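Undergrad: sequence and computational prediction follow.
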Amino acid sequence: MERQIQHPDERAQKEEAILRRAIAVVGPTACGKTRRAVEIARAFGGEIISADSRQVYRGMSIGTGKDLCEYGEVPYHLVDVADAGEKYNLYQYLRDFRRAYDDIRSRGVRPVICGGSGMYVENALAGVRLPDVPENEELRRELESRSLDELAGILASYKTLHNTTDIDTCKRAIRAIEIQEYYRVHPDEARDADVRTAKPLDCLVIGLDIPRDERIARIDSRLRARIDEGMIDEVRSLLDSGISPDDLIYYGLEYKFVTLHVIGKLSRERMERDLATAIHQFAKRQMTWFRGMERRGIPIRWLPYDMPTPDFLAEVEALLG
């Protein structure tokens, strides 16, 4: 068989692509994603982009498990970019993600994406770009007298739905129709906004595989540590700063149950028990999402969460090559 000789320029291009290829670290809560992302960033020259829907909020550090001390000298992005009490959304995340990603790449550095918020991770890796859809006053006036059922029927009439926001109110339904109408007359932006047709990033996705029993034990241990660290006082401080209980409850998990305890609706014992159950259920939903990502075309290379660091990094290096 004739041996194919690779041109030096082709080899250089391939090596450059490997050097600049993004890496993502995903997995359920408490599996050690931050530590592994930091190890990768140090070993392969990277900066971390968080893909956590709650670590974006300032003042919410203990409950969201930011673990900023783990980063050391490694630069990180999309942590503490919004005020607690705001409702940061997917559009804002993808906008901020693309800015951080493009900035990192422009400096010849490797982006390392780290997080367990499946919707954020999948849309970012799929290359989805959501446009800033302006208000359509004429359309709103036309729809304002329609019932919710009528609005749902209009929304269902679109051949392809790019927006899957819950339409439990007329206001939300009208906004969903407004977005669909915008996409109808801007087909290029519609393609970029659809996870099925957007241009995906060149990214190696590493999943941290942890057995169920060990995941449960780590979640319980981490929850106790966060309570001892001052998570209840953190919530009290947020409430004292003027953030309403409903706004904190909106964030779910730690902030929901601890807020209910602080305002007197749950005992300490009930809070800890219900919160642990909710986090276990959340971890199961995370894994369901990541398995769905694989079915939808984003391959994930699963590695044991507790691999020795040298073995883990050697495996990542082999997968990059």
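TA: Thanks, I have the structure now. All values derive from a computational prediction rather than experimental measurement. Numbering: from 1, shown residues only.

Undergrad: determine the longest strand present in the protein.
TA: Identified as the longest strand of the chain according to DSSP state E is strand 203-209.

Undergrad: and it, C-alpha only, in PDB?
TA: The C-alpha coordinates for strand 203-209 follow below in PDB (Å, rounded to 0.1, in the frame of the first residue of the first chain):
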ATOM      1  CA  CYS A 203     -14.800  21.000  21.100                       C
ATOM      2  CA  LEU A 204     -13.800  17.800  23.000                       C
ATOM      3  CA  VAL A 205     -16.500  17.100  25.600                       C
ATOM      4  CA  ILE A 206     -15.300  15.200  28.700                       C
ATOM      5  CA  GLY A 207     -18.000  13.800  30.900                       C
ATOM      6  CA  LEU A 208     -17.100  12.800  34.500                       C
ATOM      7  CA  ASP A 209     -18.700   9.400  35.300                       C
END
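
Undergrad: neighbouring contacts of that strand?
TA: 21-28, 31-33, 36, 40, 113, 125, 290, 298-305, 316, 319-320 (CB atoms under 8 Å, 6 or more residues apart in numbering). (Glycine included, C-beta is placed from N, CA and C.)

Undergrad: which ones among the residues you listed map onto helices?
TA: 33, 36, 40, 125, 290, 316, 319-320 (DSSP state H).

Undergrad: from these, which two are the most distant?
TA: Farthest-apart pair in the ones in helices among the contacts of strand 203-209 is Phe290 and Leu320; separation 20.3 Å (CB to CB).

Undergrad: spatially nearest residue to Gly230, not counting backbone neighbours?
TA: Leaving aside its sequence neighbours, Gly230 sits nearest to Ile62 (CB to CB, 6 or more residues apart in numbering; 6.0 Å).

Undergrad: tell me where the stretch 1-150 of the chain has helices.
TA: 8-20, 33-44, 90-106, 118-125, 137-143, 148-156 (DSSP state H, counting those that start in this stretch).

Undergrad: derive a ChimeraX selection command for the buried subset of the contacts of strand 203-209.
TA: Buried members of these, defined by 16 or more other CB atoms under 10 Å, are picked up in ChimeraX with:
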select :21,22,23,24,25,26,27,28,31,32,33,36,40,113,125,290,298,300,303,305,316
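
Undergrad: quick revisit: can you report phi and psi for the residue nearest to Gly230?
TA: Phi and psi for Ile62, reported as degrees, to the nearest 10, are phi -70, psi -50.

Undergrad: count the neighbours of it for me.
TA: Residues lying near Ile62 (other CB atoms under 10 Å) number 19.

Undergrad: quick one: low-confidence ranges for the chain?
TA: Low-confidence segments of the chain (pLDDT under 70): 1-19, 159-167.

Undergrad: can you give me the strands in it?
TA: Using DSSP E, strands in the chain cover 22-26, 46-50, 57-58, 76-77, 82-83, 110-114, 203-209, 301-304.

Undergrad: now render the ones you listed as a markdown table, adding distance to Asp220.
TA: Below are the strands of the chain laid out as a markdown table (distance: least, CB to CB, whole Å):
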| stretch | distance to Asp220 |
| --- | --- |
| strand 22-26 | 22 |
| strand 46-50 | 24 |
| strand 57-58 | 24 |
| strand 76-77 | 27 |
| strand 82-83 | 29 |
| strand 110-114 | 23 |
| strand 203-209 | 18 |
| strand 301-304 | 20 |
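
Undergrad: mind checking which of those strands is nearest Glu138?
TA: strand 82-83 (32.1 Å).

Undergrad: the closest one packs against which elements?
TA: Here strand 82-83 touches strand 57-58, going by 3 or more CB pairs under 8 Å, 6 or more residues apart in numbering; DSSP states H and E.

Undergrad: so what strands line up beside the strand it packs on?
TA: Strand 57-58 pairs in its sheet with strand 82-83 (parallel), by DSSP bridges.

Undergrad: residues making contact with the partner strand?
TA: By CB under 8 Å, 6+ apart, strand 82-83 touches 56-59, 88, 92.

Undergrad: among those, find me the one that's closest to Met231.
TA: Checking the contacts of strand 82-83 one by one against Met231 (CB to CB), the nearest turns out to be Gly59, at 12.4 Å.
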